[in-house]
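Trainee: After the sequence you'll find the predicted model.
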Amino acid sequence: MVSPPLDVLSRWRLAEARVEPVAIGLINLTFRVDLGSRRFALQRLHPVFRGEVNADIDRITAHLAAKGLVTPRVVPTDEGALWHDADDGPWRVLTWVEGETVERSEELARFESAGAHVARFHGALADLEHSFAFTRPGAHDTDAHLARLAAALEGHGAHDRREEIAPVAEAIVTHARPAVPTLATRIVHGDLKLSNVRFDHGGRAISLIDLDTLQHGTLAVELGDALRSWCNPRGEDVDRAGVHLGIFEAAVRGYAAGASPALRDDRRGIVPGLETIALELASRFCLDAFEERYFRWDTTRFARASEHHLLRARGQLALAQDVASKRDVLEAIVDRAFG
């Protein structure tokens, strides 16, 4: 694990602090920093993000805080900068939100609370007009992700693991896509996996963290991604996954209870969004099984990144297939929740 450079720590007068790595997360490098009674999150951003993303986080979290929501806030350097560009990339410090981070659970009350909190988050941002300083065009362009995987399937004919990867890649690119309705765009979190929801020690959702993916998007993508994570209690590191109907119902019920009328109107995108995002992530993991250059991987369980990413791709494909087989049941749950 990389340690934070002293030059980085000194920008926030943290050279004397206790620094511990935080293992959760596939993208940014994160540390918990304790200095006396104060606690912070120190992060080196993945190269896919630029430092300007912190300007967006600063503006949006200020709005959330003004509406009474608990949220991480960007901590400026001694010079007042929102981040520091070091030799190895941009670093930033955020306030620490106390509570629990959970990667997997089957506690239905936890998911109902998470759904309700996400609805409050969306509602709080409904009146904010913001032009993003940093954007990632195509981050959820499913067609483009599938096209890149198809191209990799053609272009990696000599790959040493092609015989294992190719059948999974072919199954992903030929999966019958659901029709996703055209929905309004709004400011969304952009990566609502369960570990990005902060809970108090009683299991109540209190905050959303990891805000680099804030963007304009639709509820089909936002809730599809959330439910893809929440309703698969086995997690992303398995080759067989399926949608947990009880968790799905609890989460949708929680969201419906807190949703404004404008948010309720977009419920028809929830089920096709879930299937689409599971398929999209399957394609991204499968592409990295060929390329081995984007996602972090577990060096203690796998000999190389390709093995881990292929396992993840199989799991997300299985989840998409399971959602497709249960579409009618899931749609009925959504209809009951929203009334």
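Mentor: Perfect, I can see it now. Residues are numbered from 1 along each chain as shown.
Trainee: Need the pLDDT of residue 103.
Mentor: On pLDDT, residue 103 comes in at 87.
Trainee: isn't it right up against residue 194?
Mentor: Yes - taking contacts as Cβ atoms under 8 Å, residue 103 lies within contact range of residue 194: 6.3 Å. C-beta here means a position set from N, CA and C on the backbone, and glycine is covered the same way.
Trainee: Which one of these two is surrounded by more residues?
Mentor: More crowded of residue 103 and residue 194, by other Cβ atoms under 10 Å: residue 194, with 22 against 13.
Trainee: gap between the more buried one and residue 242?
Mentor: 16 Å (Cβ to Cβ, to the nearest Å).
Trainee: which stretches of this protein have low pLDDT?
Mentor: 1, 24-26 (pLDDT under 70).
Trainee: domain ranges for it?
Mentor: Here the domain assignment for the chain is 6-96, 101-338, based on automatic domain parsing.
Trainee: out of the ones you listed, deepest packed?
Mentor: domain 101-338 (a mean of 19; mean count of other Cβ atoms under 10 Å).
Trainee: Need the distance between the two termini of that domain.
Mentor: 28 Å (Cα to Cα, to the nearest Å).
Trainee: Please apply the same query to stretch 198-205.
Mentor: 6 Å.
Trainee: Repeat that for stretch 196-205.
Mentor: First-to-last distance for stretch 196-205 - Cα to Cα - comes to 10 Å.
Trainee: residues contacting residue 153?
Mentor: Neighbouring residues of residue 153 by Cβ atoms under 8 Å, 6 or more residues apart in numbering: 166, 169-170, 173.
Trainee: Give the next helix or strand downstream of the helix or strand hosting residue 146.
Mentor: Take DSSP states H and E as the rule and residue 146 turns out to sit in helix 142-155. Where DSSP H and E defines the elements, the next helix or strand beyond helix 142-155 is helix 162-173.
Trainee: so what does the very next helix or strand once past that next one touch, helix or strand wise?
Mentor: Going down the chain from helix 162-173, the next helix or strand is strand 186-188, by DSSP H and E. Using 3 or more Cβ pairs under 8 Å, 6 or more residues apart in numbering; DSSP states H and E as the contact definition, the elements that strand 186-188 packs against are helix 108-125, strand 215-217, helix 219-230.
Trainee: Which neighbouring elements make contact with the last one?
Mentor: Contact partners of helix 219-230 among helices and strands, from 3+ Cβ pairs under 8 Å, 6+ apart: helix 108-125, strand 186-188, helix 245-258, helix 270-291.
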